[in-house]
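Colleague: need a 3D model of the sequence below.
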Amino acid sequence: MKHIQTILLPIMAVFLTTACVDAASITGKVVYEGAVPNLKPISMDADPICSAKHDAPVLPDVLVLGEGNSMANILVYVSGVSGDFPVPEEEIVLDQEGCRYEPHVIGIQAGQKLKILNPDGTLHNIHALPKINAEFNMAMPKFKKQIVRSFDKAESVFPIKCDVHPWMSAWVAVFDHPFFSVTQKDGVFSIDGLSAGTYEIVAWHEKLGEQKFSVTVGADETKTLDVTFKKP
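Modeller: The predicted structure follows:
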C-alpha cells in the first residue's frame, strides 16, 4: 500500500496543479446608469418588534447601489452548462434579521442545504414559491431559531416571501452547476473554475430583467465582462 501511495501522490499532485492552471475565470462589475429613483422607506409599524430594530429608515432592496452606482443583488451565471458537479457541503444561510431577508438574492446548487435563521424574536414564515421544486410554507415562531431546507432540481429565479410581513421578499435560483455569482454593493462578480470554451453569461435583476452575453475563455485565462443596467 505504501508503494502505491508513493506512486499515486506525485500523479495526483500533477493532476491537481494542471486543473488549477487550466481553469478559466470570468469576472466583472455591474453598474447602474440613469437617474436613481427615490425609493419610499419601508413601513414596519405593523410589527413593533420589527420597527424597534431600526434607528434609521429602511429602503427596499430592489435597487441597492454602491460607490459609482455599482449594483448589488445582481445574479450572474453561466447558462446551459452540462456535467456532473458535486453538491457543496457548505450551507447557504438566509437570515431574517431586522425583519428583512439577507441576502436578498441567493444562488444555490440543487441538493445544497439552505439554512434559514430567525433571530428577530417575532413570528416569521418562510413561503417559497418555486414552480419546479416543491413549494413550502413554514411558520417560524420566535422560539424557532432555524430550519433547513433544500431544492432538488435546477430552477430559474423564484421568490421567497413572508406572509406575516409583506415587505419581506427574497429571490432564489437553483443550479445544477457551481458557475454563478451574486454581486454585493461593490458590483463585482467572479465565476471561476471554467473549462476553456465559449459560454452564454446571463446577468439578472428583479426589475430590470436580464442581459445575455457570449464570452470565450481559454485555459488559464481570465476574461472581464462589465455589465450596465439602465433605467427603462
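Colleague: and the closest residue to residue 199 other than its chain neighbours, how many residues sit next to it?
Modeller: Residue nearest to residue 199 in three dimensions, not counting chain neighbours: residue 78, with 5.0 Å by C-beta to C-beta, 6 or more residues apart in numbering. All C-beta spots, glycine's among them, are computed from the backbone N, C-alpha and C. The number of residues packed around residue 78, counting by other C-beta atoms under 10 Å, is 19.
Colleague: residue 78 contacts residue 181, doesn't it?
Modeller: No. The pair residue 78 and residue 181 does not pass the contact test of C-beta atoms under 8 Å, sitting 9.8 Å apart.
Colleague: between the two, what contacts are shared?
Modeller: Residues touching both residue 78 and residue 181 (C-beta atoms under 8 Å, 6 or more residues apart in numbering) are residue 191.
Colleague: so where does the nearest residue to residue 225 once chain neighbours are set aside fall, helix or strand?
Modeller: Using C-beta to C-beta, 6+ apart and skipping the chain neighbours, the partner closest in space to residue 225 is residue 28 (4.0 Å). Assigned by DSSP states H and E, residue 28 belongs to strand 24-33.
Colleague: surely residue 50 is in a helix?
Modeller: Yes. Judged by DSSP: H, G, I helix; E, B strand; the rest coil, residue 50 forms part of a helix.
Colleague: could you find the closest non-adjacent residue to it?
Modeller: Spatial nearest neighbour of residue 50, chain neighbours left out: residue 99 (3.6 Å); criterion: C-beta to C-beta, 6+ apart.
Colleague: likewise residue 190?
Modeller: Spatial nearest neighbour of residue 190, chain neighbours left out: residue 27 (4.5 Å); criterion: C-beta to C-beta, 6+ apart.
Colleague: got it, and residue 211?
Modeller: Distances taken as C-beta to C-beta, 6+ apart put residue 203 closest to residue 211, at 4.9 Å, once the chain neighbours are dropped.
Colleague: that neighbour in helix, strand or coil?
Modeller: Quick answer, by three-state DSSP: residue 203 is strand.
Colleague: surely residue 206 meets residue 60?
Modeller: No. Assessed by C-beta under 8 Å, residue 206 is found out of contact with residue 60, at 10.4 Å.
Colleague: skipping its backbone neighbours, what lies nearest residue 80 in space?
Modeller: Distances taken as C-beta to C-beta, 6+ apart place residue 200 nearest to residue 80, at 6.0 Å, with adjacent residues excluded.
Colleague: go on, residue 226?
Modeller: In space, residue 226 is closest to residue 28, 4.9 Å off (C-beta to C-beta, 6+ apart).
Colleague: go on, residue 53?
Modeller: Residue 53's closest residue in space is residue 98 (C-beta to C-beta, 6+ apart), at 4.4 Å.
Colleague: tell me the helices in the protein, going along the chain?
Modeller: Counting by DSSP state H, the chain has helices at residues 2-22, 48-51.
Colleague: related to what we said a few turns ago, my guess is the residue nearest to residue 80 meets residue 78, correct?
Modeller: Yes. Counting by C-beta under 8 Å, residue 200 does reach residue 78; the two are 7.1 Å apart.
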